[in-house]
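**Student:** Could you work out the structure for the sequence below:
(chains A, B, C and D)
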2 protein chains.
Amino acid sequence: MPKTLPMLQDLSPICCAPLGSSSGLSPGDALALALRLKALADPVRLQLLVHMLNQPGQEACTCELAPLVELSEPTISHHLKKLEGAGLVVKERRGMSVYYQVVPEAIHAIAQTLHLKCC
Amino acid sequence: MPKTLPMLQDLSPICCAPLGSSSGLSPGDALALALRLKALADPVRLQLLVHMLNQPGQEACTCELAPLVELSEPTISHHLKKLEGAGLVVKERRGMSVYYQVVPEAIHAIAQTLHLKCC
DNA sequence: TCACTTTCTTGACATATGTCGAAGAGGTAG
DNA sequence: CTACCTCTTCGACATATGTCAAGAAAGTGA
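**Tutor:** So this is what the prediction gives:
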């Protein structure tokens, strides 16, 4: 597991692969994309993300997210850390609270990558 | 884990939620979407999918997929079953071989769901 | 400093997931 | 029918993942 993931924009598109080029996804790109998809592929994290997206500034503090899903605070923390690790959110401390903000470009990049050339 | 997943089209968009409606993703929708993302979130399965997408008819038989990623046949079978379970591919027997074909609409639907309203 | 709030880290645990070898099921062809 | 080919299922195993309780960090305010 690499410490820092390659930029989302650098991932070759999953389906719009350069038509003439060698077919297939390199194992490296496949791994990078899979790591991001894994970060998204959890119902709790999806709910947290969507809640943030629906807030002004697309952000929310931990105290506000915990009651949303019925889980312990350490568990919420764990999920937020995963989202942050995948570059899907950024965190910022304000006084006693910690705010997490969505990085819409990151989610976009993943969606783009999944788009088929046949669209 | 539900036996049959709800149709992809029925998933409420992750970020373009009806503006006036209650914010958030229902736990049910979150689970359904997470199950599909989980099916995608594996480097081996991504490589298999992309290979199929690059073939004429967007399909490939198991014997052709096994040498692609260096894994045993039972393992390939396992991954293909996951893709099929998520509705991302369909399988068809032809003589001795079994062909798996991508369902592009399914991948589309997931990408759409991830699209932000701010696009 | 001390008490209090909010959040995170650690350690432990159960479950889920990816992998393989061996054996079974479905189909073809002598 | 028998041998063979392709693919899947089964059983086992190691690793990864999600969860919590307990305690540590970081910050505020008396």
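**Student:** how about the strands in chain A?
**Tutor:** For chain A, applying DSSP state E gives strands covering A:59-61, A:89-94, A:97-102.
**Student:** hey, which of these is tucked in deepest?
**Tutor:** strand A:59-61 (a mean of 20; mean count of other CB atoms under 10 Å in any protein chain shown). Quick note: C-beta positions are derived from backbone N, CA and C, even for glycine.
**Student:** That one pairs with which strands?
**Tutor:** Paired strands of strand A:59-61, with direction, are strand A:97-102 (antiparallel) (DSSP bridges).
**Student:** Give me the residues contacting the partner strand.
**Tutor:** Identification of contacts with strand A:97-102 by CB atoms under 8 Å, 6 or more residues apart in numbering or on different chains yields A:48-49, A:52-53, A:57-63, A:65, A:80, A:83-84, A:88-93.
**Student:** Of all the strands of chain A, which one is nearest residue B:69?
**Tutor:** If you check each of those against residue B:69 by CB to CB, strand A:89-94 wins as the nearest, at 31.4 Å.
**Student:** And the pLDDT for residue A:23?
**Tutor:** pLDDT for residue A:23: 59.
**Student:** nope, residue A:18 is what I meant
**Tutor:** 50.
**Student:** Return the residues of chain A in contact with DNA strand C.
**Tutor:** A:61-63, A:66, A:73-74, A:76-78, A:80-81, A:91, A:96-98 (CB under 7 Å from any atom of the strand).
**Student:** at 6 Å what do you get?
**Tutor:** Residues of chain A lying close to DNA strand C by CB under 6 Å from any atom of the strand are A:61-63, A:73-74, A:77, A:80-81, A:91, A:96-98.
**Student:** which residues touch the residue positioned nearest the centre of chain A?
**Tutor:** Against the mean C-alpha coordinate of chain A, by CA atoms, centre = their mean, the closest residue is residue A:88 at 3.3 Å. Shown in contact with residue A:88 (CB under 8 Å, 6+ apart): A:36, A:39-40, A:49, A:102-103, A:106-107.
**Student:** Just give me the closest of those to DNA strand D.
**Tutor:** When these are compared for distance to DNA strand D (CB to the nearest atom of the strand), residue A:39 comes out closest, at 8.5 Å.
**Student:** show me the contacts for the closest one.
**Tutor:** A:45, A:82-83, A:85-86, A:88.
**Student:** ok, those residues vs chain B, which is closest?
**Tutor:** residue A:45 (8.1 Å; CB to the nearest CB).
**Student:** Counting neighbours, what do you get for the closest one?
**Tutor:** By other CB atoms under 10 Å in any protein chain shown, 25 other residues sit near residue A:45.
**Student:** Tell me how far the residue lying closest to it once chain neighbours are set aside lies from residue B:106.
**Tutor:** Ranked by CB to CB, 6 or more residues apart in numbering or on different chains and with sequence neighbours excluded, the top spatial neighbour of residue A:45 is residue A:79, at 5.0 Å. Remark: distance between residue A:79 and residue B:106 (CB to CB, to the nearest Å) = 26 Å.
**Student:** Kind regards, and thank you for your time.
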